[in-house]
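Participant: Next come a sequence and a model predicted from it.
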Amino acid sequence: MMLDDLLNALFPSHDTQVEAEGILCGTAQYGQDKTAAVVGLVNRTPLGVDGALSLAGHVLEVIRHSPGRPIAVLIDAQSQRMRRRDEMLGLNEYLAHLTKCFVLAGQRGHRTVGVLFGRAAAGAFIATGLVQDMLAAVPGGDPVVMDLPSMARVTKLPQDRLEALSKDTPVFEPGLDHATPIGAVAEIWNDGDLAEKLAMALDGQPGAPDRRDEIGAERKGRLKAAAIAKRVAQEATAHA
């Protein structure tokens, strides 16, 4: 789905623009004459230090000047920018800063909802999609945390072994069919009124507890994460 088509499907009206580094910003009407901030990373743009700072700045502006306004985050990116300049400047810190700005928005009462309509990989996926209160996807959404060749290099496991594991364990495989069972993508909006679905999502609880491990257990995509997290919390409380 193209950006303009998605914007028109999600909102009755909107005033948005795409700035340098593929940064989307603006406002839109939703529901019964309610207003949401609209930000995002679009046009298959990799997320570098400049884009991360720009996007974080827009999020902070919403927090400063529009208390409680929900934030819709539209995503069609690549991975983090694989460029020497960005790496030497400490790209990981810029991505962490952007992530913390979204977390701060939730803590200050802004509901954040990501809508994945294209590619999102690695650090760009984590800092724009996985950090939101809720992440939904529409047809064309293509989430990837790490492709199998890269995973093989990092884990030192043979790629054919990882390919075999991916057939039964969704966490090893990219794509919506695998991101949904592990709870990374909460909902896939294949049909129906997208504007209505987004309005319901934007009106949800801001700063909601992260239930992805529980959702993954319910969907049989992550069988141990929720139980382990619960046990760690219990042990920590018992020894506090």
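Facilitator: Here it is on my side, so go on.
Participant: So which bits of stretch 89-109 are buried?
Facilitator: Residues of stretch 89-109 classed as buried by neighbour count (16 or more other CB atoms under 10 Å): 91, 94-95, 97-99, 101-103, 105-106. Every C-beta, even on glycine, is put in place using the N, C-alpha and C of the backbone.
Participant: Would you map the strands across this structure?
Facilitator: When secondary structure is read from DSSP state E, the chain shows strands at 13-18, 23-30, 34-47, 71-80, 112-116, 119-121, 134-137, 142-144, 187-188.
Participant: Let me have those strands in a markdown table, extended by mean neighbour count.
Facilitator: Putting those into a markdown table (neighbours: other CB atoms under 10 Å) gives the following:
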| stretch | mean neighbour count |
| --- | --- |
| strand 13-18 | 14 |
| strand 23-30 | 21 |
| strand 34-47 | 22 |
| strand 71-80 | 25 |
| strand 112-116 | 27 |
| strand 119-121 | 24 |
| strand 134-137 | 23 |
| strand 142-144 | 20 |
| strand 187-188 | 14 |
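Participant: Need the ones you listed in CSV (columns: distance to A152 and mean pLDDT).
Facilitator: Putting the strands of the chain into CSV (distance: least, CB to CB, whole Å; pLDDT from 0 to 100) gives the following:
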stretch, distance to A152, mean pLDDT
strand 13-18, 36, 95
strand 23-30, 33, 96
strand 34-47, 22, 94
strand 71-80, 17, 90
strand 112-116, 25, 95
strand 119-121, 16, 83
strand 134-137, 26, 93
strand 142-144, 15, 81
strand 187-188, 28, 90
